[in-house]
Every structure is written in structure tokens, then in C-alpha cells.
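Peer 1: Predicted model, plus sequence, below.
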Amino acid sequence: MSAQPPRDARIALIFFFMLAGITMGSWVARIPDVQHRLDLSDGQLGLALLGTAVGALVALPTSGVLVSKFGSVGVLTISAFGVCAMLPILPMAPSLITFALILLVFGVFYGSFEVPANSQAVIVEKAYQRPIMSSFHAMFSVGGLIGAATSGLIAGRGVAPVPHLAAVGVLMAIGTVIARPHLMPDPPQPRGNGPLFALPTGALLGLGIIGFCVLLGEGAMADWTAVYLRNNLGTTAAIAAAGYTAFSLMMAIGRFAGDGLTQRFSAVAMIRTGGLLVAFGLGIGLFVGNVAGAVIGFAAVGAGLATLFPLVLSAAGRTPGVSPTFALTAVATAGYVGFLAGPPVIGFVAERFGLKTGLLVVAALGVVVFAMAGQARHSDGLGEPTVDGAGVVPEG
């Protein structure tokens, strides 16, 4: 008789993925409040958000080493507590420089969360003996939806960012204490001689470009949707949160439906369709120039991007003549650099040409994804990407 799947571990890990989404969704909905309080331009805000990118980029390989030495449970727990503790500190910054430094520390904890969470997902998936990885990533999107939606309601009632985010942090910390004992222990494992980071070349270059474009779009949507609705279209704080809420909702729906759609059609067709949704949905939504159009455009980006990064990883892991571990590491690196670069890149473009033009960069990247979709042909007809302990990838 086969062993029963570890349902408690799966539920506990679902909480941690939702924690990452809820904390990020809650925070991005309050970014405009901090921008207004500190009187930051879009360019200055983009520069400050670069602190999160730098912190996460430093933390990603470091957390991988820690997981290989000590296992994923402890690293995941510490990272979760760190994110919870930093959440109410973010809106307290008295100046631009302090804000950037606080975001740097927040980025370290948030970036440290990615590898152990996905390592746990690999362990639980192996215990289930069937693909369940996409369900965890879908719950991250659900968490983002919950965080953004509740933040909009709370902000609409006039609650200040600090007590709001403090309450979120406390609730998530309590959940961490409850969920931690149910995670599955994993023995420390050496990483071998593989590189911590590797840039894609040769056959992987096209996949790396797609991954970069996809996760740059995700990062841009996270940090700039509320700012655009609040500043450019003059909405209230409550309505401004609707942009990221719509994005997260469609991202979650797309991830839940993605496996079935890919089996029915193909990875290449899914990537082409996703690129078109991003390009035309966001482009038309921004040109309409009203709140409804913008929210619909942001929702189109969520639907378009939902399945793209897992499909790219699947193709990378099955590229002929390339080690799956190296391929996944290389493409994941390119994607994560895009995710980190997105917010500051949009900010710098917005400073010079306006935030609408900055967001149109994401639409343009949708065209690039459409044009390069054929690079993912190796994942057609196959299931989940091949992932091992050295090829764990961050959430996008």
C-alpha cells in the first residue's frame, strides 16, 4: 500500500506561499501613500525600489547556500519572520535614502524566502508523486489578490499604512508559528560545483530573454499599478488597489487553468497567446485613458503572464545537449534579474517620459515574448519542468 500524501505539509506550504503574496500585495497597495508623504517623483520612487531589487539579488544565492547546508525549513521560517517584521517599518521611512535602505533589508528577507519555499515545494511534490508545483504558485497569486483587495478596503476607510501593515505582519507571523511544525524536514545537501548564478547562452539565450521579459512585467505590475491609478488617473487609495487586485486575480485563474490549457494546445501557442494578451490588452487599456480601461489592461497582463515562466523553465530543462540543472539555473537567473529590474526601469522611463510610457514598456515586451515563443518548443507535449535541488527557481 502506498503511503498517504503529506496533506498537512502541503497545507502548511500553501500558507507560506500565500504569506509571500499577502505581504507583497498589502505593501504595493500602500506604496502611493509613502510616495506622497515623502514627496517622491516617479524617478525617485524607482530609485528607492531598486533597494528591494539589490537586497533580493544578494539574498537569492546566499539563501541557496544556507538551504544546502541547513535545510529549507529553518531558512524559510527566518525569512518569513523577517518579512513580517519589516512590513510595518517600510512606511515609517523619514527620507528617500532611509526608504531605500529599509527596502534593501526588506528585499534581503523577501529574496531569501524564494529558494527555501520552492525547495519545500519540490519535497512535497515528490511525496505526492504527481505534479502539484503550479498549485503552490497559484496560491501565491491568490495571496497577492487577498493582500491588495483588503488593503484597498482598509485604505479606503482611512487607516494609516503603519497600523495596517503591522496588523498584517502580526497575523502572518502567528500563522508562521502554527505552520512551521508541519513542513517536511530535508537533510542538508551539497550544491556541488555548479554556479550560483549563470547567464543563458547558446540554445538557452532565447528562453532567457523570454524569462527576463515575463518577470520584468510581473515586477512592474507589482509596484506601479497602484501608483498609475492614484497619480495619473486621480483615483482614491481604495480604487488604486484594484489594479494589482485585477492583475493577481487573473494571474491566479491562469495558473490554476494553465496545465490543462497547455495539454490541450501547446507551450508555444500558450506563450504566443500570453504575449499578445500583454501587448494588446495593456496597450489598449492604457490608451483608453480611464480607470476601467487601465484595470482591464492590468488584468490582461495577469492572464497573459500567468503560465509563461513555468513553460519557459520546462523548455529549458529539456533543451537537448544541456544539463537540466545548468539550464534551469541560467534561465531562472535571467528571469529573476528581470523581476528585480522591472520597478526601477519603469520608474526611470516614467521620470523622463511619463508613467504611461513606462508601463507601455511592458506591452512592448509582450511583443518580444510573442516573437520568441518558438524557443519553448522543447516543452510541448510534456508535463512539469524538471526541477532538482540545484535548480529551484523563485516565484514570479
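Peer 2: Nice, I can see it. Residues are numbered from 1 along each chain as shown.

Peer 1: Low-confidence stretches in the chain?
Peer 2: The chain contains residues with pLDDT under 70 at 1-4, 130-131, 133, 187-203, 317-318, 322-329, 378-396.

Peer 1: let's see it at 50
Peer 2: Applying pLDDT under 50 to the chain flags residues 1, 191-194, 196, 381-396.

Peer 1: Could you chop it up by domain?
Peer 2: Per the record, the chain has its domains at 1-186, 198-383, by automatic domain parsing.

Peer 1: Going along the chain, name the helices of the stretch 251-396 of the chain.
Peer 2: Along the stretch 251-396 of the chain, the stretches classed as helices by DSSP state H, counting those that start in this stretch are 267-276, 282-288, 291-305, 308-317, 324-353, 355-371.

Peer 1: Ala237 is nearest to which of those?
Peer 2: Shortest distance between Ala237 and the helices of the stretch 251-396 of the chain, using CB to CB, is found for helix 291-305: 13.3 Å. In this view, the C-beta of every residue, glycine as well, is placed from N, C-alpha and C.

Peer 1: And the contacts of the closest one?
Peer 2: 141, 214, 217-218, 221, 225, 228-229, 233, 235, 239, 242-244, 246-251, 253-254, 273-278, 280-288, 362, 366 (CB atoms under 8 Å, 6 or more residues apart in numbering).

Peer 1: Next up, the contacts around Gly46.
Peer 2: By CB under 8 Å, 6+ apart, the contact list for Gly46 reads 343-348, 350-351.

Peer 1: Gln35: which of the residues you listed is nearest?
Peer 2: Gly347 (10.5 Å).

Peer 1: Distance from the chain centre to stretch 35-48, please.
Peer 2: Centroid displacement of stretch 35-48 relative to its chain, using CA atoms, centre = their mean, to the nearest Å, is 22 Å.

Peer 1: List only buried entries from the contacts of helix 291-305.
Peer 2: Taking 16 or more other CB atoms under 10 Å as the criterion, what is buried in these is 141, 214, 217-218, 221, 225, 228-229, 233, 235, 239, 242-244, 246-251, 253-254, 273-278, 280-283, 285-286, 362, 366.

Peer 1: Make sure Leu153 is actually in contact with Ala237.
Peer 2: No - with contact defined as CB atoms under 8 Å, Leu153 does not count as touching Ala237 (10.0 Å).

Peer 1: hey, what's in contact with both of those two?
Peer 2: Here Leu153 and Ala237 share no contacting residue, scored by CB under 8 Å, 6+ apart.

Peer 1: Just give the nearest non-adjacent residue to Leu101, would you?
Peer 2: In space, and not counting its chain neighbours, Leu101 is closest to Gly51: 6.5 Å by CB to CB, 6 or more residues apart in numbering.

Peer 1: brain fart, Gly71
Peer 2: Counting by CB to CB, 6+ apart, Asp186 is the residue found nearest to Gly71 once chain neighbours are left out, at 4.8 Å.

Peer 1: That neighbour: neighbouring residues, count only.
Peer 2: Other residues near Asp186 come to 17 when the count uses other CB atoms under 10 Å.

Peer 1: where does it fall, helix, sheet strand or coil?
Peer 2: State at Asp186, reduced to three classes by DSSP: H, G, I helix; E, B strand; the rest coil: coil.

Peer 1: measure it to Pro6 for me?
Peer 2: 12 Å (CB to CB, to the nearest Å).

Peer 1: Would you agree the residue nearest to Leu101 is in contact with Thr98?
Peer 2: No - the pair Gly51 and Thr98 fails to qualify as a contact (CB under 8 Å) at a distance of 10.2 Å.

Peer 1: hang on, the earlier thing: now the helix or strand hosting the residue nearest to Leu101: buried residues?
Peer 2: Using DSSP states H and E, Gly51 sits in helix 42-70. For helix 42-70, burial by neighbour count (16+ other CB under 10 Å) applies to 42-57, 59-61, 63-64, 66-68.

Peer 1: cool, stretch 85-97 as well?
Peer 2: For stretch 85-97, burial by neighbour count (16+ other CB under 10 Å) applies to 85-91, 93, 96.

Peer 1: Now do the end-to-end distance for it.
Peer 2: The straight-line separation of the ends of stretch 85-97 (CA to CA, to the nearest Å) is 20 Å.

Peer 1: For the remainder of this discussion, apply numbering that starts at 855.
Peer 2: Let's use 855 as the start, then, which means that last one is stretch 939-951.

Peer 1: Identify all contacting residues around it.
Peer 2: Contacts for stretch 939-951 (CB under 8 Å, 6+ apart): 877, 880-881, 884, 887-888, 891-892, 894, 898, 901-902, 953, 956-957, 959-960, 963, 1014-1017, 1019-1020, 1022-1023, 1026-1027.
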